[in-house]
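A.B. asks: I would like to see how this sequence folds:
(2 chains)
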Amino acid sequence: MSDYVVPLKTYVAVFVALLFLTALTTGVAFIDLGSELNTIAALTIAVIKALLVILFFMHVKYSPGLTKMVIVGGFFFLALLIAFTLADELTRTWSPQVHGWSMLIPMLHSRF
Amino acid sequence: MADMAVHHAQPKEFQHQFEDMEQQRDAGTFGMWVFLVTEIMFFGGLFGAYIVYRSLYLPSFEIGSRLLKVNFGATNTVILIASSLTMALSIYAAHINRKNLQVVFLALTMLLGGIFLFLKFAFEWTADYHEHLIPGFGFIVRPEWGAAGYHVPMFFCFYFFMTGLHALHMIIGFGILAVLLVMAWRGRFHSEYYAPLESTGLYWHFVDIVWIFLFPLLYLIGGRYVIGGGH
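C.D. replies: From the prediction side, this is the model:
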């Protein structure tokens, strides 16, 4: 039902919620929860704000399933981009250092 | 002949390849979202690079983050959210066939977008320049940053590229809104036809969402609680 008219009070309620969340995320940044928890809090609030904008301001809640699928698909590929990049970057030091064949040369010298 | 009768019942903006106005609207919205998905990936590359380098040089990125002016960041967030509301309300005005209200809300959206850009360029970036925080334009690595100071310019490169690309999108949006303002003034939009408003609204809200993520990532997650970290 794309021609559904979103009522005025929904827009105002979403706007007030967005203002509240902006104040909350700014306030939380001034409280020391530990670097990791601060980051998680800031990003969680950002995701909630983005969802509010997408669902109500962008009318996605009232959009056909095809449109919803494209949006979910878009964010899925963004998640893939970031997840695979981090899967490489953050695990580079996990495996033991692999040495080349040249490490064998002193050993070979002692044999012959 | 039956088809002709159906088509005559449609508004003049109706394109003959569609079944009805609802299908035409859905197709337009769908197309706009396909474009926005490419925009998600466009900004996504920068966000991905930011995440990787932040994980590699966390202390440098935290120093850089604390040097940004959080009051400007927060004020601009509020301004952009308000402009998203007025954009949505201009579409609402088209729904209820109020021409003057569309014009007023579009003008308000442009005004708020203009204030955002004015604050960013005239105050925030100017202050950054005077504090020698723009890489390539007399950036000065301060001794109190220690070893982490070496990678602080990298944070500022990300900051200026990401907010700059966002600002470029807002300037483009500002231009499109100016065209819409004239169209709305001439009474082109009504409850049966408002596709340009709807598509531009989606774009404007998308730019808002990008800022919703840029604000915490750049201004906040370095931690604002460090004493003397505010400068």
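
A.B. asks: show the end-to-end separation of stretch B:114-123, please.
C.D. replies: 13 Å (CA to CA, to the nearest Å).

A.B. asks: which secondary structure element contains the closest residue to A:Pro64 other than its chain neighbours?
C.D. replies: Excluding the flanking residues, the one nearest A:Pro64 by CB to CB, 6 or more residues apart in numbering or on different chains is B:Asp26, at 5.4 Å. Every residue, glycine included, has its C-beta placed from N, CA and C. For B:Asp26, the host element (DSSP states H and E) is helix B:21-56.

A.B. asks: so which elements touch that helix?
C.D. replies: Under the contact definition 3 or more CB pairs under 8 Å, 6 or more residues apart in numbering or on different chains; DSSP states H and E, helix B:21-56 sits against helix A:65-89, helix B:152-185, helix B:195-214.

A.B. asks: please see if the last one touches chain A.
C.D. replies: Yes: using CB under 8 Å from any CB of the partner chain, we find that helix B:195-214 touches chain A at B:Glu198, B:Gly201, B:Leu202, B:His205, B:Phe206, B:Asp208, B:Ile209, B:Ile212, B:Phe213.

A.B. asks: let me see the contact set for the fourth one.
C.D. replies: Residues near B:His205 by CB atoms under 8 Å, 6 or more residues apart in numbering or on different chains: A:Val53, A:Ile54, A:Phe57, A:Met58, B:Ser84, B:Met87, B:Ala88.

A.B. asks: pull the most distant pair out of those residues.
C.D. replies: Greatest spacing in the contacts of B:His205, by CB to CB: A:Ile54 and B:Met87 (14.0 Å).

A.B. asks: just say helix, strand or coil for B:Phe139.
C.D. replies: Following DSSP: H, G, I helix; E, B strand; the rest coil, the label given to B:Phe139 is coil.

A.B. asks: what's the answer for A:Tyr4, then?
C.D. replies: coil.

A.B. asks: and it, how many neighbours?
C.D. replies: Here the number of neighbours of A:Tyr4 (other CB atoms under 10 Å in any protein chain shown) works out to 11.

A.B. asks: so what's it up against?
C.D. replies: A:His59, A:Tyr62.

A.B. asks: now with 7 Å?
C.D. replies: A:Tyr62 (CB atoms under 7 Å, 6 or more residues apart in numbering or on different chains).

A.B. asks: is it true that B:Val226 touches B:Arg66?
C.D. replies: Yes: using CB atoms under 7 Å, B:Val226 is in contact with B:Arg66, at 6.5 Å.

A.B. asks: those two: which is more packed in?
C.D. replies: Comparing B:Val226 with B:Arg66 by other CB under 10 Å, the one with more neighbours is B:Arg66, at 18 against 13.

A.B. asks: check which helix or strand the more buried one maps to.
C.D. replies: Judged by DSSP H and E, B:Arg66 forms part of helix B:58-67.

A.B. asks: tell me if the next helix or strand along the chain from that helix is near chain A.
C.D. replies: Per DSSP H and E, the first helix or strand lying C-terminal to helix B:58-67 is helix B:70-95. Yes: between helix B:70-95 and chain A, judged by CB under 7 Å from any CB of the partner chain, the touching residues are B:Val70, B:Ala74, B:Thr77, B:Val78, B:Ile81, B:Ser84, B:Leu85, B:Ala88, B:Leu89, B:Tyr92, B:His95.

A.B. asks: roughly how far is helix B:70-95 from the heart of the chain?
C.D. replies: From the chain centre to the centre of helix B:70-95 is a distance of 10 Å (CA atoms, centre = their mean, to the nearest Å).

A.B. asks: in that helix, which residues are buried?
C.D. replies: Buried residues in helix B:70-95, counting neighbours by 16 or more other CB atoms under 10 Å in any protein chain shown, are found at B:70, B:72-95.

A.B. asks: downstream of that helix, the next helix or strand is which one?
C.D. replies: Moving toward the C-terminus from helix B:70-95, the next helix or strand (DSSP H and E) is helix B:99-118.

A.B. asks: what mean pLDDT would you report for that following helix?
C.D. replies: Averaged over helix B:99-118, pLDDT sits at 97.

A.B. asks: what residues does that helix touch?
C.D. replies: For helix B:99-118, contacts defined as CB under 7 Å, 6+ apart pick out B:76, B:79-80, B:82-83, B:86-87, B:89-90, B:93-94, B:167, B:170-171, B:173-174, B:177-178, B:180-181, B:184-185, B:187, B:189.

A.B. asks: same thing with stretch B:83-95?
C.D. replies: A:5, A:8, A:11, A:15, A:53, A:57, B:101-102, B:105-106, B:108-109, B:112-113, B:189-191, B:194, B:197-198, B:201, B:204-205, B:208.

A.B. asks: now which of those residues would you call buried?
C.D. replies: Here, 16+ other CB under 10 Å leaves A:11, A:15, A:53, A:57, B:101-102, B:105-106, B:108-109, B:112-113, B:189-190, B:194, B:197-198, B:201, B:204-205, B:208 buried among the contacts of stretch B:83-95.
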